[in-house]
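> What would the 3D arrangement of this be:
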Amino acid sequence: MTKRPKPASTRSPSMLVDLIQLRFLPGSAESDNQQLYRLLRDAILGEELPHGLRLPSSRQLAAELGIARNTVIHVYERLAAEGYVSAGVGRGTFVSDTRPDRIPHPAATRETAPVPASRHASGVSQRGAALMARAGAGERQWGAFMPGVPEVRAFPARTWMRLQNRHWRRPPPDLLSYGVGLGYPPLRAALADYLRSSRGVLCDPEQIVITSGTHTALQLIGLMLCDPGARAWVEDPGYWGVHSVWRANGIETVPVPVDDEGLDVDRGEGRPRLVFVSPSHQYPLGSVMSLARRRQLLAYASHHGAWIVEDDYDSEFRYGRPPLPSLQGLDTDGRVLYLGTFSKVMFPGLRLSYMVVPAPLVDAFRVGLSEVYRGGQSLTQAVLADFIVDGHFVSHIRRMRNLYAARREALLSAIATGFGDSLPIHDGSAGLHLVLGLPGRDDRAIARDALGHGIITRALSRYYRAPASSASGLLLGYSHVDEDEISRHFATLAGCIADAPG
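Down below sits the predicted model:
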């Protein structure tokens, strides 16, 4: 590297004053302090002021610019603190040498592998590029017929605020500090009681882990139970977020076909470390895993040492029949990790989920949660615990179940009006959405056309990882659409379907 010659001091303090005076604008919206700092800093970075140049005294510069001397002193002190100048009592203030070519570049002295061309433009890693290529999250999360969105307008906000204010009056320090352990103990105790009675989950409060969303739970599972290169079976079609999170952690996700009985264990390839299933309401098709298939999966996991991740994301909402018991309740060998979320039963912005882990994994997950995520939201967890214990949680679920049932019937009626029984419907009489089958049609093109008409929907084919087995259809969320608006919105969508070739 050619070394720069030491520059001569071509500028004098008086010339610097002239330079600053030309650019300094008294009375501008920018304060004198900030303006002088910016002008001097930019002149140093742009090498208009060479290193080694002595700056005028604070008294001189203040007099020439017509500003307070304390303003100049403050600016000089700030520049010195940030390394732009050096100063000493009795010797003056000098521009420091901050040229980037003074920084050593070890890579320039030895052979290095060239950076792949694909990474020059953005700097994104290969894992990041793969994540971007298969991203599933949409930019719009509200409107007919966005799937998976609860009716947040019906949430009892006043009740929540009253409970929250009770804690905010005099919050103990531990609720405002970093979260410790696996979550707020009273919340875990309340959840254990609720899960035992409503979902048939066999657990103690010590087995419950509170996380900031299901994706955090999935990431923690991948971190604590898998090494890079491990294999995970995932339902096909299935939830895109599982692939995104686990692949980003170096886990190979293998799609396994789903039929009317749930994930087909016999068609899984290789020996997995993890198996992801939504047995009570398969996402997105809505099928229920049969008892025979559940027992087969549990036996497989026990025999091969696999871990089953049960996603019970919205099974509180079943219509015309009681909620089905969990797969975890059948597990006698401690192979199931049960996931639940408050995003569907309360509101997504709460960002609180939970999982029930087998007792032997509790200590590992406590350490993993604390080391990687640090816990948190303790005060919100305390409010949620009161919300459950005081009975508001179960009452809210009951009200929402009745509301969603009416909206589901309105959507089914609109479909019957538009298409009769010519199109198949998959919903399992549960959840927050149904799937309208579109055999022989391009569901992605129809979804794009519908979006142009203000209707949000998801193409079923996007949820398949094995293209040869993909089916065409639309996911239609009804839970947050007013009942008297459903027929009008569906008529718009029906027009898009009718205009599509096929």
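
> Could you list the buried residues of whichever strand or helix holds residue 397?
Per DSSP states H and E: residue 397 is located in helix 392-419. Under the neighbour-count criterion of 16 or more other CB atoms under 10 Å, helix 392-419 has 392-393, 396-397, 400-401, 403-404, 407-408, 410-411, 414-415, 418 buried. In short, each C-beta sits where N, CA and C put it, glycine included.

> and that helix, what other elements does it pack with?
Applying 3 or more CB pairs under 8 Å, 6 or more residues apart in numbering; DSSP states H and E, we find helix 392-419 packed against helix 185-198, strand 433-437, helix 483-499.

> try 6 Å this time
Judged by 3 or more CB pairs under 6 Å, 6 or more residues apart in numbering; DSSP states H and E, helix 392-419 is in contact with helix 483-499.

> which residue packs closest to the residue sitting nearest the centre point of the chain, ignoring adjacent ones?
In the chain, the centroid-proximal residue (CA atoms, centre = their mean) is residue 215; its distance is 6.5 Å. Counting by CB to CB, 6 or more residues apart in numbering, residue 215 lies nearest to residue 245, which is 5.4 Å off, once chain neighbours are set aside.

> Is the one you found in contact with residue 220, as I believe?
No: using CB atoms under 6 Å, residue 245 makes no contact with residue 220, being 9.8 Å away.

> Am I right that residue 431 is in contact with residue 313?
No: Residue 431 lies out of contact with residue 313 (CB under 6 Å); the separation is 8.4 Å.

> who has more neighbours, the two?
residue 431 (29 against 22; other CB atoms under 10 Å).

> any idea how far residue 246 lies from residue 231?
10 Å (CB to CB, to the nearest Å).

> Looking at those two, which has the bigger crowd around it?
residue 246 (24 against 19).

> host element of the more buried one?
Here residue 246 is assigned to helix 240-248, by DSSP H and E.

> Which SSE is immediately downstream of that helix?
Using DSSP H and E, the next helix or strand after helix 240-248 towards the C-terminus is strand 252-259.

> Output the contacting helices and strands for that following strand.
Short answer (3+ CB pairs under 6 Å, 6+ apart): strand 252-259 packs on strand 231-236, helix 240-248.

> May I have the helix holding residue 246 exported as PDB, CA atoms only?
Below are the C-alpha coordinates for helix 240-248, written out as PDB (Å, rounded to 0.1, in the frame of the first residue of the first chain):
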ATOM      1  CA  TRP A 240     -44.800 -21.900   6.500                       C
ATOM      2  CA  GLY A 241     -43.300 -20.400   9.700                       C
ATOM      3  CA  VAL A 242     -42.000 -23.800  10.800                       C
ATOM      4  CA  HIS A 243     -39.900 -24.100   7.700                       C
ATOM      5  CA  SER A 244     -38.700 -20.600   8.000                       C
ATOM      6  CA  VAL A 245     -37.600 -20.800  11.700                       C
ATOM      7  CA  TRP A 246     -36.100 -24.300  11.600                       C
ATOM      8  CA  ARG A 247     -34.300 -24.000   8.300                       C
ATOM      9  CA  ALA A 248     -32.700 -20.700   9.500                       C
END
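
> Next, the buried residues of that helix.
Going by 16+ other CB under 10 Å, helix 240-248 has these buried residues: 240-247.

> give me the element residue 94 is part of.
Going by DSSP H and E, residue 94 is in strand 92-95.

> and that strand, which residues are buried?
For strand 92-95, by 16+ other CB under 10 Å, it's 93-95.

> Test my guess that residue 37 contacts residue 74.
No: in this structure, residue 37 is not within contact of residue 74 by CB under 6 Å, at 8.5 Å.
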